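S.K.: Have a look at this prediction, sequence included:
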Amino acid sequence: MPDDAFESKLRRRGLNRIAGIDEAGRGPLAGPVSAAAVVLPPGWRCPGLDDSKKLTALKRERLFERITTDASVLWSQSFAEPEEIDRVNILRATHAAMARAVRGLCVEVEHCLVDGLAVPGFEWPHDGIVKGDGKSLSIAAASIIAKVARDRVMHRFAREFPQYGFERHMGYGTKQHLEALRLHGPCRIHRRSFQPVAQLALPFDEA
């Protein structure tokens, strides 16, 4: 289970405004990538908080409400839409969304803990922590916010584009999603730079 060991180590160096950062949705063929930044107060605890991928949707929703309604917790969330992903590539779009999430916090962050590898050219001092959402409390909180925010958006898109079943696979390349793409082609939230969407989006040659 994640704890605050990374945050406590930074606080002993005199750094107090520490943002945990995580993303959700880098791999799907459709929809935005979501990033979140969270600053937790010292000693903050949340029973059951863990890497969002290890939790059920119901548990994530409950944790989301617990985190986002706590006045002592500072948090911000940002999306990179499919158009941005296609324009700059998924990695750069993810990093841009992370930066926007940090800027959205109402404090000047002193240090960041980022899930995964360090981010080249990131605006803030930071440490990359591989599988950090299962190790750092603030990254785990960010993982919940990023995932729930994205899932809610994909449920809204599922009502707009019912033929794709977004409410079931959240845009990932499942067998059902690939079959829907074959039958209907891509819609406006598909990432045109991702295979097989890119191939299916090509116009047919006319005889």
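M.R.: Happy to help now that I have it.
S.K.: Verify the stated contact: residue 94 with residue 35.
M.R.: Yes - between residue 94 and residue 35 there is a contact at 6.7 Å, judged by C-beta atoms under 8 Å. Placement of C-beta: from N, CA and C, glycine included.
S.K.: more neighbours, those two?
M.R.: Applying other C-beta atoms under 10 Å to residue 94 and residue 35 shows that residue 35 carries more neighbours, namely 34 against 23.
S.K.: shared neighbours of residue 94 and residue 35, anything?
M.R.: Common contact partners of residue 94 and residue 35 (C-beta atoms under 8 Å, 6 or more residues apart in numbering): 23, 80.
S.K.: What score does residue 206 have for pLDDT?
M.R.: pLDDT for residue 206: 33.
S.K.: got it, and residue 197?
M.R.: At residue 197, the pLDDT recorded in the model is 88.
S.K.: ok, how many other residues are close to it?
M.R.: Neighbours of residue 197 using other C-beta under 10 Å come to 21.
S.K.: residues in contact with it?
M.R.: Neighbours of residue 197 in contact, by C-beta under 8 Å, 6+ apart: 29-30, 181, 186, 190-191.
S.K.: As CSV, could you dump the C-alpha coordinates of the helix or strand harbouring residue 102?
M.R.: Using DSSP states H and E, residue 102 maps to helix 90-103. Presented in CSV, the C-alpha positions along helix 90-103 are these (Å, rounded to 0.1, in the frame of the first residue of the first chain):
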residue,chain,number,x,y,z
ILE,A,90,0.9,10.9,-26.7
LEU,A,91,4.0,11.3,-24.6
ARG,A,92,4.3,15.1,-25.1
ALA,A,93,0.5,15.5,-24.7
THR,A,94,0.6,13.6,-21.4
HIS,A,95,3.5,15.7,-20.1
ALA,A,96,1.6,18.9,-21.1
ALA,A,97,-1.5,17.7,-19.2
MET,A,98,0.7,17.0,-16.2
ALA,A,99,2.1,20.5,-16.3
ARG,A,100,-1.3,22.1,-16.7
ALA,A,101,-2.5,20.1,-13.6
VAL,A,102,0.4,21.5,-11.5
ARG,A,103,-0.3,25.0,-12.7
